[in-house]
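S.K.: dropping a prediction and its sequence here:
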Amino acid sequence: MTAVIHGADLELAKRVLAADPGARERFAERMACVPKMLTVLNARAGRPLGPQDLEDLAQDAWIAVWRGLPTFEGFSSLESWVFRCCHRALLGRLRRPVRWSAKDSVEVPEPSAPQTPERHDEVHPALERLDERSRHIIELKHFEDLTFEEIGERLATSPNTIKSWYYQAIGDLKRILAPTRREGGR
Amino acid sequence: MSAERERMPDDDERVDALREQALEPEERDVMKQLEQAAELERDVLRAAAGPATEAEVRASRAAFDRLWQPPTQSTPRTQPAPRRVVPRLVLVAAALVVAGLAGWWFFVRATPAPQPGIVLGSGLEILEPRDGFEALPRVRWQTTTAGNPWFVVRIVDSASGAELLAPRELRGSVLDLETVDTSAWHRIRIEVDELDANRNPERSASVERSRRSP
């Protein structure tokens, strides 16, 4: 499949992984968006984390970005891909049931963390469980906002075939998300 | 008529419409979740799109600088195998050398150096007098030969070679000198020959001794 639509970002990622100093400098500058993304995500979640927690979380997210960079394929912009790393990091942090306070060694529950995350929070982990073709079609359709015709052009496939693959992918996602749906319905 | 035809959906659109109608509620729900997730992503990207502050750029650079540092000092346990082999071999070699030297030194020390003047026949050794002498009551020796071999003992003056005591043939290992006047003997050489069955010298030992000053 040749659906890379953010070739410049993919090239940058490759050069960063190849230890190109100039590319690394540019990459580090672009990754300065991480604290801002986390701040926005935290605000939308009802500000469960304080400033110090957000700083710690930014460090975790940068580590996740660096570790996951070899998997970046250029199907989305670098920032979109980084957003998903940040989103995953935040959800992971909020789902931690308790944390240890370094000062007094007393178990402290996370302050005002939402106990039931938004249902669409499950979408990205579920997408990662799809096969490569289905995941790319869903990402291009929903997150890159392309039409079936545009996706067909990028994948050198007829729009009808793309539609067929898309609905098949939706069926697969439904099955993956079914347990979550049942838990949410209780 | 042609306008009416234009408003008519084509085959693809009809198929799409049928497909949409055929979607299960759960599948519609999945599509809704996808839209919500995409909307969230777009919102956050829009909100975070402004230029980063100096502090954010600094923090990002610092974080990645740490991540990009070569792992030299921090994790020596994960990949040290090739480095450890060489010192280990050096240690083993050094231990072998030290052990060899220690063994050699032990054996050199453990083997008594022959005293000056004592010639040991193999298995024949003069035991007395051990050092210098004041009185000389006897000469004593020992042999490793089994049975009771014969010996010939003679004592000569070391300086001149003159015979002080005529050769004596004995079967024991002691020559008694109690009855011999040895007061004029100052520097002597004691010679002992062990004889074989044919009375021929088989091995010999000799030792030089001096009278101690009174």
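M.R.: Sure, I can see it.
S.K.: secondary structure element for the residue nearest the centre of chain B?
M.R.: The centroid of chain B falls nearest to residue B:95 when counting by C-alpha atoms, centre = their mean (2.1 Å). Assigned by DSSP states H and E, residue B:95 belongs to helix B:81-110.
S.K.: immediately after that helix, which helix or strand?
M.R.: strand B:124-128.
S.K.: just say helix, strand or coil for residue B:194.
M.R.: With DSSP: H, G, I helix; E, B strand; the rest coil as the basis, residue B:194 sits in strand.
S.K.: ok, now which ones touch it?
M.R.: Residue B:194 is in contact with B:121, B:124, B:143, B:145, B:149-151, B:201-204, counting by C-beta atoms under 8 Å, 6 or more residues apart in numbering or on different chains. Yep, even glycine has a C-beta here, placed from its N, CA and C like the rest.
S.K.: now residue A:40
M.R.: B:43-44, B:47-48.
S.K.: of all pairs in those residues, which one is the farthest apart?
M.R.: Distance extremes for the contacts of residue A:40: the farthest pair is B:43 and B:48 at 9.6 Å, using C-beta to C-beta.
S.K.: neighbour count: those two, which is higher?
M.R.: residue B:48 (22 against 13; other C-beta atoms under 10 Å in any protein chain shown).
S.K.: OK, contacts around that one?
M.R.: Applying C-beta under 8 Å, 6+ apart, the residues contacting residue B:48 are A:33, A:36-37, A:40, A:79, A:83.
S.K.: now do the SS call for residue B:140.
M.R.: Residue B:140 - assigned by three-state DSSP - is strand.
S.K.: is it in a bridge, and if so with what?
M.R.: Residue B:140 has these beta-bridge partners by DSSP bridges: residue B:128, residue B:174.
S.K.: how close does residue A:72 get to residue A:65?
M.R.: 9 Å (C-beta to C-beta, to the nearest Å).
S.K.: who's more crowded, those two?
M.R.: More neighbours surround residue A:65 than the other of residue A:72 and residue A:65, with 24 against 21 (other C-beta under 10 Å).
S.K.: find the nearest non-adjacent residue to the more buried one, please.
M.R.: residue A:85 (5.0 Å; C-beta to C-beta, 6 or more residues apart in numbering or on different chains).
S.K.: any chance you could map the strands in chain A?
M.R.: Assigned by DSSP state E, the strands in chain A fall at A:98-100, A:107-109.
S.K.: can you check chain B too?
M.R.: Using DSSP E, strands in chain B cover B:124-128, B:138-143, B:151-157, B:163-170, B:174-176, B:187-195, B:201-210.
S.K.: just give me the neighbour total for residue 92.
M.R.: Since no chain was named, I'll use chain A. Neighbours of residue A:92 using other C-beta under 10 Å come to 12.
S.K.: chain B, not that one
M.R.: 10.
S.K.: can you check residue A:5 too?
M.R.: 18.
S.K.: could you report the pLDDT at it?
M.R.: For residue A:5, the model assigns a pLDDT of 76.
S.K.: hang on, it packs against residue A:144?
M.R.: Yes - contact criterion C-beta atoms under 8 Å: residue A:5 and residue A:144 qualify, at 6.7 Å.
S.K.: who touches both of those two?
M.R.: In contact with both residue A:5 and residue A:144: residue A:75, using C-beta under 8 Å, 6+ apart.
S.K.: related to what we said a few turns ago, any idea which of the strands of chain A scores lowest on pLDDT?
M.R.: strand A:107-109 has the lowest average pLDDT among the strands of chain A, namely a mean of 41.
S.K.: what's the burial count for the closest residue to residue A:131 other than its chain neighbours?
M.R.: Spatial nearest neighbour of residue A:131, chain neighbours left out: residue A:172 (7.9 Å); criterion: C-beta to C-beta, 6+ apart. Using other C-beta under 10 Å, residue A:172 has 18 neighbouring residues.
S.K.: now do residue A:33
M.R.: 24.
S.K.: now swap in residue A:54 and tell me
M.R.: The burial count for residue A:54: 18, using other C-beta under 10 Å.
S.K.: re the thing from before, what's the lowest-pLDDT member of the contacts of residue B:194?
M.R.: Among those, residue B:121 has the lowest pLDDT, at 45.
S.K.: in JSON lines, list the strands of chain B along with distance to residue B:87.
M.R.: As requested, these are exported to JSON lines (distance: least, C-beta to C-beta, whole Å):
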{"stretch": "strand B:124-128", "distance to residue B:87": "50"}
{"stretch": "strand B:138-143", "distance to residue B:87": "54"}
{"stretch": "strand B:151-157", "distance to residue B:87": "62"}
{"stretch": "strand B:163-170", "distance to residue B:87": "66"}
{"stretch": "strand B:174-176", "distance to residue B:87": "63"}
{"stretch": "strand B:187-195", "distance to residue B:87": "58"}
{"stretch": "strand B:201-210", "distance to residue B:87": "54"}
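S.K.: thank you kindly, that will do.
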